[in-house]
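Undergrad: the sequence isn't on hand, but the structure is:
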């Protein structure tokens with residue numbers, strides 16, 4: 001490759017200059033090398049950034065096992081549900097500009113939402129079993145038959161979409177049928193399916209963020225991908241973040257793998273019907289973006305810095321504060337997937353005792369279905385980012401190991 005070096009948004013520094021221990025950070029290096037050697041992951045990149053400096057950057061393993069092509073700094077990854085944070089920021093830009101209010105019913109912009117129904121009796125799910133994790137939520141769908149519905153007690157609001165309190169579910173959808181559907185058609189078609197819960201009552205992971213993408217198109221008058229490019233990606237210098245991989249970047253696109261027989265990884269695209277090398281009419285704000293480690297670090301640092309990076313302001317400080325508050329209804333239990341609360345497009349640590357992890361109150365972030373994840377910790381002025389492309393049969397233990405090791409390296 002002519003140039004495998006990434007354009008990082010901030011400089012690098014010795015860990016001790018930003019309050020981290022080099023000796024303790026080396027445990028991350030050892031863990032990632034072991035993970036590759038023992039078949040936990042085919043390849044991985046980890047970054048720890050604190051106080052505006054990159055204190056840890058590790059590349060281990062391969063982007064293409066068959067051709068023994070190593071991970072490089074500029075590798076492009078499917079970020080799946082980490083797209084949701086980007087879409088949520090785009091929605092909040094419209095809030096700042098006075099074009100929407102979070103309390104408004106979605107039907108003001110998509111009239112079909114006024115006539116939604118809520119499932120009361122549901123049949124058996126036909127879908128994969130196993131423990132729920134932040135990374136398999138998007139994949140646990142499968143059609144469920146519904147025999148009886150009831151009317152809405154209140155309408156779905158934009159706030160409900162941002163917080164996954166809308167009742168929209170992946171469970172009633174055959175998502176393959178939407179793969180080639182324009183967003184403006186999708187947001188109408190999805191209204192032919194019932195909600196799983198009454199709006200505002202239960203956090204449930206579903207197609208809410210995809211609907212936000214269509215809402216952004218309608219309100220802004222711009223194609224969703226163009227809005228993201230003009231308002232977020234270009235200002236922040238996120239030159240490799242998009243809904244598809246162009247031909248000139250194909251060699252940097254990391255292969256997706258799943259565990260096969262005898263502990264060997266086999267290529268397996270996810271979702272299987274997706275072709276990342278050609279533009280799709282359906283721009284999924286819930287899971288469609290590809291990005292690089294350096295690009296997403298730019299985005300995460302912008303949020304850590306209360307909406308600004310290197311002189312470019314995307315959101316105001318007050319908007320980021322609103323985004324990172326817990327918005328679950330009073331008395332709502334922590335999320336089953338990660339034992340946190342939930343803000344506007346991000347999970348949020350409410351109490352350390354809930355998470356039972358090394359972290360900070362107020363830490364926020366989210367992950368993707370192929371083992372990518374970001375943690376943004378304002379209290380420690382720290383961003384931790386892990387990128388890999390694997391659909392394992394079991395949970396992503398490696399992610400929480402990495403987060404714990406990053407926290408235990410804090411030495412001030």
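TA: Structure's in. What do you need? Just so it is clear, the structure is predicted and the values come from calculations on it, not from any experiment. Numbers count the residues shown, from 1 in each chain.
Undergrad: what's in contact with the host helix or strand of residue 61?
TA: Residue 61 is part of strand 53-64 when elements are defined by DSSP states H and E. Outside strand 53-64, the residues within contact range by CB atoms under 8 Å, 6 or more residues apart in numbering are 8, 10-15, 17-18, 20, 25, 28-29, 32-33, 35-36, 41-49, 68-73, 75, 252-255, 406, 409. From N, CA and C alone the C-beta is placed, and that goes for glycine too.
Undergrad: helix/strand/coil for residue 101?
TA: Under DSSP: H, G, I helix; E, B strand; the rest coil, residue 101 falls in the coil class.
Undergrad: nearest spatial neighbour of residue 369, skipping sequence neighbours?
TA: residue 80 (4.1 Å; CB to CB, 6 or more residues apart in numbering).
Undergrad: one step back: what distance separates the strand holding residue 61 from the centre of its chain?
TA: Here strand 53-64 shows a centroid-to-chain-centroid distance of 20 Å under the convention CA atoms, centre = their mean, to the nearest Å.
Undergrad: how about stretch 224-237?
TA: 17 Å.
Undergrad: which positions within that stretch qualify as buried?
TA: Within stretch 224-237, the residues that count as buried by 16 or more other CB atoms under 10 Å are 224-225, 227-229, 231-233, 235-237.
Undergrad: quick check: end-to-end length of it?
TA: Using CA to CA, to the nearest Å, the end-to-end distance of stretch 224-237 comes out at 18 Å.
Undergrad: ok, residue 32 - contacts?
TA: 44, 46, 58, 60-61, 402.
Undergrad: narrow the contacts of strand 53-64 to those in helices?
TA: Among these, the members falling in helices (DSSP state H) are 25, 28-29, 32-33, 35-36, 406.
Undergrad: what subset of the residues you listed is buried?
TA: The buried subset of these - by 16+ other CB under 10 Å - is 25, 28, 32, 35-36, 406.
Undergrad: A helix includes residue 166, no?
TA: No. Residue 166: not assigned to a helix; according to three-state DSSP it is coil.
Undergrad: what strand or helix carries the closest residue to it other than its chain neighbours?
TA: Excluding its sequence neighbours, the residue lying closest to residue 166 (CB to CB, 6+ apart) is residue 160, at 4.0 Å. According to DSSP H and E, residue 160 maps onto helix 158-163.
Undergrad: what would the ones in helices among the contacts of strand 53-64 look like in a markdown table with pLDDT and distance to residue 299?
TA: Shown next, in a markdown table, are the ones in helices among the contacts of strand 53-64 (pLDDT from 0 to 100; distance: CB to CB, whole Å):
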| residue | pLDDT | distance to residue 299 |
| --- | --- | --- |
| 25 | 98 | 23 |
| 28 | 98 | 22 |
| 29 | 98 | 25 |
| 32 | 97 | 23 |
| 33 | 97 | 28 |
| 35 | 95 | 25 |
| 36 | 95 | 26 |
| 406 | 98 | 18 |
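Undergrad: ok, so of these, who is nearest residue 155?
TA: Of all the ones in helices among the contacts of strand 53-64, residue 155 sits closest to residue 406, with 42.0 Å by CB to CB.
Undergrad: show me which of the contacts of strand 53-64 are buried.
TA: Buried among the contacts of strand 53-64 by 16+ other CB under 10 Å: 8, 10, 13, 15, 18, 20, 25, 28, 32, 35-36, 41-49, 69, 71-73, 75, 252-255, 406, 409.
Undergrad: just name the shakiest helix or strand of this structure by mean pLDDT.
TA: Least confident element among the helices and strands of the chain, by mean pLDDT, DSSP states H and E: strand 117-125 (a mean of 70).
Undergrad: returning to what we had before: now, the contacts of strand 53-64 that are in strands?
TA: Among these, the members falling in strands are 43-49, 69-70 (criterion: DSSP state E).
Undergrad: got the contact list for residue 219?
TA: Contacts of residue 219 (CB under 8 Å, 6+ apart): 94, 99-100, 109.
Undergrad: about what we covered before: can you count the residues close to the residue nearest to residue 369?
TA: Residue 80 has 26 neighbours, counted by other CB atoms under 10 Å.
Undergrad: and residue 272, helix, strand or coil?
TA: coil.
Undergrad: next one: the one 4 residues further on
TA: Remark: residue 276 carries the secondary structure label coil [criterion: three-state DSSP].
Undergrad: spatially nearest residue to it, not counting backbone neighbours?
TA: Here the residue nearest residue 276, using CB to CB, 6+ apart, is residue 245, at 5.1 Å.
Undergrad: check residue 58 too.
TA: Nearest to residue 58 is residue 46, by CB to CB, 6+ apart, at 4.8 Å.
Undergrad: look up how far residue 81 lies from the one you found.
TA: In this structure, residue 46 and residue 81 are 19 Å apart, going by CB to CB, to the nearest Å.
Undergrad: ditto for residue 234
TA: Following CB to CB, the distance that separates residue 234 from residue 81 is 23 Å.
Undergrad: cool, and residue 356?
TA: 23 Å.
Undergrad: what about the two, which has more around it?
TA: Between residue 356 and residue 81, residue 81 has the larger neighbour count (other CB under 10 Å), namely 25 against 8.
Undergrad: can you map out the strands along the stretch 201-350 of the chain?
TA: Counting by DSSP state E, counting those that start in this stretch, the stretch 201-350 of the chain has strands at residues 257-259, 265-267, 290-292, 308-309, 312-313, 341-342, 347-348.
Undergrad: now tabulate those strands in TSV and tack on mean pLDDT.
TA: Listed next are the strands of the stretch 201-350 of the chain as TSV, based on pLDDT from 0 to 100:
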stretch	mean pLDDT
strand 257-259	93
strand 265-267	94
strand 290-292	98
strand 308-309	98
strand 312-313	98
strand 341-342	98
strand 347-348	98
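Undergrad: any chance of CSV for these, columns distance to residue 331 and mean neighbour count?
TA: Rendered in CSV, the data for the strands of the stretch 201-350 of the chain read as follows (distance: least, CB to CB, whole Å; neighbours: other CB atoms under 10 Å):
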stretch, distance to residue 331, mean neighbour count
strand 257-259, 39, 20
strand 265-267, 44, 15
strand 290-292, 36, 24
strand 308-309, 35, 19
strand 312-313, 36, 14
strand 341-342, 12, 24
strand 347-348, 16, 24
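Undergrad: reformat those strands as a markdown table; add distance to residue 149.
TA: Shown next, in a markdown table, are the strands of the stretch 201-350 of the chain (distance: least, CB to CB, whole Å):
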| stretch | distance to residue 149 |
| --- | --- |
| strand 257-259 | 36 |
| strand 265-267 | 41 |
| strand 290-292 | 37 |
| strand 308-309 | 46 |
| strand 312-313 | 45 |
| strand 341-342 | 26 |
| strand 347-348 | 30 |
